[in-house]
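> Sequence first, then the predicted structure:
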Amino acid sequence: MFATRASRRHGIAYAVLIAASLMLLGLSGTGLMGELRAGVSFALAPIQSALAGMTRSATSIVSTLGEIDRLRGDNRDLQAANLALEAENRRLQGLVTTNQTLTALLQVRSTLDYRTVAAEVIGRQVSQAERVVSLSVGSDRGVSVGDVVLAGGAALVGRVVEVGPNYSRVLLISDTRSTVIGLVEPSRTTGNIQGQLGGSLVMSQIPSTDEVNVGDEVVTAGIDLGNGIRSPFPKGLLVGRVVDVERDPTAVVQTAFIEAAAALDKLEYVLVITDYEGGIPIAPSPSPQPSIGAGASPSASPGGSPIDLPPPSLQPAP
């Protein structure tokens with residue numbers, strides 16, 4: 001009985017729905033139905049607009065977040081590319097500087113009447129009392145003890161005091177054990193140039209009657225040492241320029257302070273004159289070491305007196 005009543009109710013509801021559908025289909029083309037649809041659309045328009053705005057906002061937010069992620073990725077790529085370009089730029093600048101230095105050395109070589117060999121500075125032994133550099137060439141390239149070493153502009157650097165098969169060591173003119181007879185231009189007066197503590201150069205024993213002015217250039221005098229001994233340095237090599245003069249009216253000599261023409265603390269490449277013979281011979285080390293990492297061996301100064309030099313520094317030149 002209950003099933004029959006339920007079936008009857010379902011059948012009535014079904015019939016009512018069919019009748020309503022047929023009625024709506026019949027009225028769909030009438031003006032009344034159009035006005036009804038228009039009214040409903042008008043009433044729902046604000047809601048539809050709000051929903052559309054919310055949809056656009058959500059879409060915009062999602063799009064913006066995606067764009068931010070993309071921009072972050074692009075920024076990381078640009079930063080990496082910028083770092084690579086900076087590194088390449090530094091490398092190229094270093095090559096330009098090296099090329100300029102080597103070009104200057106080639107120009108010096110073309111003006112000299114001596115055989116030369118180019119060398120790289122591979123180590124420094126620098127302190128208040130000691131100024132020595134190690135070079136990348138030795139006896140295998142014809143370098144020997146006593147050879148004169150130059151920088152760009154034919155600027156005097158020093159003299160070789162120790163040689164191995166593949167290295168050599170140079171006593172800089174700023175070392176306290178170095179002495180160079182200098183000539184001041186244009187007065188042509190001479191004096192002894194010696195290194196001082198800290199690496200400065202002082203020219204002493206200048207006659208007080210000779211004129212020496214700040215800015216005057218000083219070159220090697222090339223004066224023989226007597227008894228047929230040739231000057232340790234060829235004549236006319238640039239030593240530096242006068243930066244100060246100390247005069248004493250009661251003294252017979254005056255003193256000049258010299259700024260070295262070569263950047264002695266920043267040397268990277270130099271020229272070694274291999275066929276100039278002059279000065280008191282410097283005795284080579286009694287037991288030359290096979291490489292720059294070998295132990296210490298005694299050398300001698302340009303004046304011939306013994307000098308105990310530590311082994312070449314393995315620290316790269318800055």
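Arrived safely.
> report the longest strand in this protein, please.
In the chain, assigned by DSSP state E, the strand with the most residues is strand 116-126.
> Tell me which strands that one pairs with, and in which orientation.
Applying DSSP bridges, strand 116-126 is found paired with strand 131-135 (antiparallel), strand 269-273 (antiparallel).
> nearest to T250, of these?
Proximity to T250 (C-beta to C-beta) singles out strand 131-135 among these, at 33.5 Å. From N, CA and C alone the C-beta is placed, and that goes for glycine too.
> on contacts alone, who are the packing partners of the helix or strand following that closest one?
Going down the chain from strand 131-135, the next helix or strand is strand 148-151, by DSSP states H and E. With contacts taken as 3 or more C-beta pairs under 8 Å, 6 or more residues apart in numbering; DSSP states H and E, strand 148-151 sits against helix 31-111, strand 155-163, strand 269-273.
> between these, which gets the lowest average pLDDT?
Lowest mean pLDDT of the helices and strands packed on strand 148-151: helix 31-111, a mean of 73.
> Can you show me the strands along the stretch 201-318 of the chain?
For the stretch 201-318 of the chain, strands defined by DSSP state E, counting those that start in this stretch occupy the ranges 201-207, 217-220, 238-246, 253-260, 269-273, 297-300, 306-309.
> now, of the ones you listed, which is deepest in the fold?
strand 269-273 (a mean of 24; mean count of other C-beta atoms under 10 Å).
> I'd like to check the angle between it and strand 155-163, please.
70 degrees (axes from the mean of the first three to the mean of the last three C-alpha atoms, to 10 degrees).
> I'd like the distance between V126 and T220.
Per C-beta to C-beta, to the nearest Å, V126 is found 23 Å from T220.
> I'd like the average pLDDT over stretch 138-145.
For stretch 138-145, mean pLDDT is 94.
> how about it: buried residues?
138-139, 141, 143-145 (16 or more other C-beta atoms under 10 Å).
> Verify the stated contact: I258 with G182.
Yes: applying C-beta atoms under 8 Å, one finds I258 in contact with G182, separated by 7.4 Å.
> Identify the contacts common to the two.
Taking C-beta atoms under 8 Å, 6 or more residues apart in numbering as the criterion, I258 and G182 both touch 193, 203, 218, 239.
> Redo these as JSON lines? Include pLDDT and distance to R169.
Shown next, in JSON lines, are these (pLDDT from 0 to 100; distance: C-beta to C-beta, whole Å):
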{"residue": "I193", "pLDDT": "95", "distance to R169": "21"}
{"residue": "M203", "pLDDT": "95", "distance to R169": "25"}
{"residue": "V218", "pLDDT": "96", "distance to R169": "25"}
{"residue": "V239", "pLDDT": "96", "distance to R169": "21"}
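> how about these in JSON lines, adding distance to L102?
As requested, the shared contacts of I258 and G182 are exported to JSON lines (distance: C-beta to C-beta, whole Å):
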{"residue": "I193", "distance to L102": "28"}
{"residue": "M203", "distance to L102": "31"}
{"residue": "V218", "distance to L102": "26"}
{"residue": "V239", "distance to L102": "23"}
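> what two of those residues are the furthest from one another?
Farthest-apart pair in the shared contacts of I258 and G182 is M203 and V239; separation 8.6 Å (C-beta to C-beta).
> how close does T103 get to G153?
Using C-beta to C-beta, which is the criterion applied here, T103 is 12 Å from G153.
> ditto for R169
Shown here: R169 relative to G153, a distance of 23 Å by C-beta to C-beta.
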